[in-house]
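Peer 1: Any chance you could fold what I've pasted below:
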Amino acid sequence: MKITRSVALAVSAALAVTGLAACGSGSGTSAAASSGVLNVGMPNGPQTENHNPFLTSSAASSLGYRRVIYEPLVMTNVVKPTETGKPWLATKWEWSTDYRTLTLTIRDGVTWSDGQPMSAKDVAYTFGLLKKTPALNIDAIPYGDISQSGNLVTLTFPKPQFVNQVKILNIVVVPEHLWSKMSDPATDPVKNPVGTGPYTLKTFTPQTTTVVLRDKYWQDLPKVKEIRYTSYTDNNAQTTALANGSAEWSFVFIPNYQAVYIDKDPAHHKLWFPAVLGIHGLFVNTTKAPLDNPALRRAMAMVINRDDIFKQGEAGYFYPKVDSVTGIPTPAGEKFISAEHKGKTFSVDVEAAKKELTGAGFKLDGNTLTDPSGKPVTFTLSNPAGWSDYITDLEIIKDNLSKIGIQAKIDKANEDAWTTGIDAGNFEASMHWTNSGATPYDIYQSMMDGALYKPVGSPGVNGNWGRYRNAAATAALEQYAGAADDAARTAALNTLQQIMIKEMPVIVTSAANAGGEYSTKNWVGWPDEQNPYAPAQPTLINALDIILHLRPA
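Peer 2: Alright, predicted model coming up:
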């Protein structure tokens, strides 16, 4: 799929004709809607002030408010990944046939929230900043020459960027007149965020961040005048807030969603969790023994009960089971699975796992598994304490692993500490997710790409959290990314499937979604199955598009 845009569109007009969801059944506009306030929540615990839009560990990313302060070049929709995106700060974009050159036409009439005009110079500066600051270039995009002339910005790349089209077009733009003065853009906390979006920072506390509407914006101003982002301590607290109406929009796992959320206000409480081509699974730190042994990882995959994880951990709706030995979700990814592996799935097989281990020099003595050096196999499974679905998943995995003598411990971590540990590679095993895309490339890249590898202790990663290194996997990913046709891409993808089955760098359990819970009591215009103009998750790039659609009920 080639994403191009050769004709400028008026985004505000496009938004104006987009259908809105039906109004709620209330008899009048609520106080919240009449005051113009929207309450967003996430179950991520206390936050540290950092409004850096590029860092996934910042509060701005964790709660999602970076999406309404900073804006992308193009607004794409992960629910419909093959569709052309909406023009945003770029009105046109054109890739060369070999995907080595991108020409962007930058929108006129856009201003920063401090009143300064935004221009193509800011766009060129932003790409240059990412090029020279690896910690901010979390997707490891190999930027080449960057040039600007008038309202045109031209990027060149040393190799084709077929697989990175959306990532590049989704880059948010930052102001050169402020960011060029930072001592270190990768570590400075960005206390006063200035963007082109319709909102500016009003207040920050570790619990709640509030943004307010600007007086002027290049599109029609949103009807939402103020957004309050509250970080609840855990899933239970977030669910309670949704149920009683103090939070109106969230992405949170709700074990018994019908009884504890929908039934509290059936006319207004909604949820929509569209599937995407991404996965969740147990990422293991492949730099740490004995998890560096693929035989151990293969055996672990054989005993983990994915049905229990889906039915108990994910409440039968949240993250669907993935049992293909390739790790590719079905049916979404069925067409990508090689003929050799179609229909081959995992089922719990403890005896086969034991044979796998003994054949690799492990020994099972009673209830204790020892590695080839004679040490008991034990490690820690960690996730934030408030993420109740992941914690339940870990409890199931811990019990499953005990059947082959692995003594695992569970660390119910602080969310900030966990995020920092995962980012720097200071963990042993953890439930995590991959990037998603139109093909399984993004899944495998998130697991195995050597280009994303950083030594333990080096933060700033956006994939390969398990620090997996395999030259053949990296080469196959490069082959896929640089392929001239579908045949070459298929060959590369088949190689990646073989490596996945043999090496098991990540033990895949579930498919990803881009869902959310929201209330139509105060605001209408939300995306849903009938009008999937955006995913429903408040931390994704489309959050601003959703807010621009909202109208008082």
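
Peer 1: What average pLDDT does stretch 384-401 get?
Peer 2: For stretch 384-401, mean pLDDT rounds to 95.

Peer 1: For that stretch, list the C-alpha coordinates in PDB.
Peer 2: Extracted C-alpha coordinates of stretch 384-401, given in PDB (Å, rounded to 0.1, in the frame of the first residue of the first chain):
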ATOM      1  CA  PRO A 384       2.000  -2.200  37.000                       C
ATOM      2  CA  ALA A 385      -0.100  -3.100  40.000                       C
ATOM      3  CA  GLY A 386      -3.100  -1.200  38.600                       C
ATOM      4  CA  TRP A 387      -3.300  -3.100  35.300                       C
ATOM      5  CA  SER A 388      -5.500  -5.900  36.600                       C
ATOM      6  CA  ASP A 389      -5.900  -7.800  33.400                       C
ATOM      7  CA  TYR A 390      -2.100  -8.100  33.000                       C
ATOM      8  CA  ILE A 391      -1.700  -9.000  36.600                       C
ATOM      9  CA  THR A 392      -4.300 -11.800  36.200                       C
ATOM     10  CA  ASP A 393      -2.500 -12.900  33.000                       C
ATOM     11  CA  LEU A 394       0.800 -13.100  35.000                       C
ATOM     12  CA  GLU A 395      -0.900 -15.200  37.800                       C
ATOM     13  CA  ILE A 396      -2.100 -17.700  35.100                       C
ATOM     14  CA  ILE A 397       1.400 -17.800  33.500                       C
ATOM     15  CA  LYS A 398       3.000 -18.300  36.900                       C
ATOM     16  CA  ASP A 399       0.800 -21.300  37.600                       C
ATOM     17  CA  ASN A 400       1.400 -22.700  34.100                       C
ATOM     18  CA  LEU A 401       5.200 -22.400  34.300                       C
END
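
Peer 1: for that stretch, the distance to its chain's centre please.
Peer 2: In terms of CA atoms, centre = their mean, to the nearest Å, the centre of stretch 384-401 is set 20 Å apart from its chain centre.

Peer 1: what does it contact?
Peer 2: Residues outside stretch 384-401 that contact it (CB atoms under 8 Å, 6 or more residues apart in numbering): 43-45, 232-238, 253, 255, 282, 300, 303-305, 308-309, 312-315, 318-319, 348, 381-383, 408-410, 412-415, 418, 431, 509. C-beta coordinates here come from the backbone N, C-alpha and C atoms, glycine included.

Peer 1: one more time with 7 Å
Peer 2: By CB atoms under 7 Å, 6 or more residues apart in numbering, the residues outside stretch 384-401 that reach it are 43, 45, 233-236, 253, 255, 282, 300, 303-305, 308-309, 312-314, 318, 381, 383, 408, 410, 412-415, 418, 431, 509.

Peer 1: Please indicate which of the residues you listed are buried?
Peer 2: Among the contacts of stretch 384-401, those classed as buried by neighbour count (16 or more other CB atoms under 10 Å) are 43, 45, 234-236, 253, 255, 282, 300, 303-305, 308-309, 312-314, 318, 381, 383, 408, 412-413, 415, 418, 431, 509.

Peer 1: Now intersect the residues you listed with the strands, please.
Peer 2: 282, 381, 383, 408, 412-413, 431, 509 (DSSP state E).

Peer 1: What strands flank the helix or strand that contains Leu102, and is each parallel or antiparallel?
Peer 2: Assigned by DSSP states H and E, Leu102 belongs to strand 101-106. Strand 101-106 pairs in its sheet with strand 90-95 (antiparallel), strand 152-156 (antiparallel), by DSSP bridges.

Peer 1: Could I get the CA-only coordinates of the longest one as PDB?
Peer 2: Taking Å, rounded to 0.1, in the frame of the first residue of the first chain, the C-alpha atoms of strand 90-95 are listed here in PDB:
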ATOM      1  CA  ALA A  90       0.700  18.800   5.700                       C
ATOM      2  CA  THR A  91      -1.800  19.400   2.900                       C
ATOM      3  CA  LYS A  92      -0.100  17.200   0.400                       C
ATOM      4  CA  TRP A  93       2.500  14.400   0.500                       C
ATOM      5  CA  GLU A  94       4.100  12.400  -2.200                       C
ATOM      6  CA  TRP A  95       6.500   9.400  -2.100                       C
END
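
Peer 1: for the strand holding Leu102, which positions count as buried?
Peer 2: Neighbour-count burial for strand 101-106 flags 101-102, 104-106 (criterion: 16+ other CB under 10 Å).

Peer 1: Can you tell me which of the contacts of stretch 384-401 end up in helices?
Peer 2: Using DSSP state H, the subset of those located in helices is 235-236, 300, 303, 308, 415, 418.

Peer 1: Nearest to Asn137 among these?
Peer 2: Asn137 lies nearest to Trp418 out of the ones in helices among the contacts of stretch 384-401, by CB to CB, at 23.3 Å.

Peer 1: hmm, back to that, tabulate the strands paired with strand 101-106 in a markdown table, adding columns for distance to Trp218.
Peer 2: Below are the strands paired with strand 101-106 laid out as a markdown table (distance: least, CB to CB, whole Å):
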| stretch | distance to Trp218 |
| --- | --- |
| strand 90-95 | 11 |
| strand 152-156 | 18 |
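
Peer 1: And these: which comes nearest Phe204?
Peer 2: Going by CB to CB, the one of these nearest Phe204 is strand 90-95, 30.0 Å.

Peer 1: how about stretch 364-381: buried residues?
Peer 2: 364, 369-371, 377, 379, 381.

Peer 1: Please report phi then psi for Leu38.
Peer 2: Dihedral pair for Leu38: phi -120, psi 130, per degrees, to the nearest 10.

Peer 1: so what's it up against?
Peer 2: Contacts of Leu38 (CB under 7 Å, 6+ apart): 224, 227, 248-249, 523.

Peer 1: Could you single out the nearest of those residues to Ile547?
Peer 2: For those, the minimum distance to Ile547 (CB to CB) is 5.5 Å, reached by Val224.

Peer 1: from memory the closest one sits against Leu548, does it?
Peer 2: No - the criterion here is CB atoms under 7 Å, and Val224 misses it with Leu548 at 8.8 Å.

Peer 1: average model confidence for stretch 212-220?
Peer 2: pLDDT averaged over stretch 212-220 gives 97.

Peer 1: From the opening residue of that stretch to its closing one, how far?
Peer 2: Stretch 212-220 has an end-to-end distance of 15 Å (CA to CA, to the nearest Å).

Peer 1: likewise stretch 91-108?
Peer 2: 9 Å.

Peer 1: Average pLDDT for that stretch, rounded please.
Peer 2: On average, stretch 91-108 scores 95.

Peer 1: what's the answer for stretch 167-187, then?
Peer 2: Mean per-residue pLDDT for stretch 167-187: 96.
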